[in-house]
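> Here is the input, now give the coordinates:
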Amino acid sequence: MIKTLETDRMILRPFELTDAPDMYLLGSVPRIIRYVGNAPFKHLTDAENYLKAHPLNDYRETGFGRLACIDNTI
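The predicted structure follows:
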């Protein structure tokens, strides 16, 4: 189980499928992801599929993985 870390300014937590709309916003802008190597998302389902295939799958297979970083000041 991956723990959530929280400070006054930031939350680091495992990704959830409910993060797809925010992931879509980031992943659909070519100038934001141009160095990532992925094609921009064209649909919300692209972001959902990405989360399922990468971070969520990593948690299942290895027990760890990248975390969502959330600004806790807003």
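> what is the rounded mean pLDDT of stretch 2-13?
In this model, stretch 2-13 has an average pLDDT of 96.
> What are the buried residues along that stretch?
Buried positions in stretch 2-13, judged by neighbour count with 16 or more other CB atoms under 10 Å: L12. In short, each C-beta sits where N, CA and C put it, glycine included.
> How about stretch 51-64?
For stretch 51-64, burial by neighbour count (16+ other CB under 10 Å) applies to L51, P55, L56, D58, Y59.
> which among these gets closest to L12?
For those, the closest approach to L12 (CB to CB) belongs to P55, at 12.6 Å.
> follow-up on the earlier one: now, the buried residues of stretch 51-64 that are in helices?
The helices, defined by DSSP state H, take in L51, P55, L56, D58, Y59 from the buried residues of stretch 51-64.
> what comes up buried for stretch 23-38?
M23, Y24, G27, S28.
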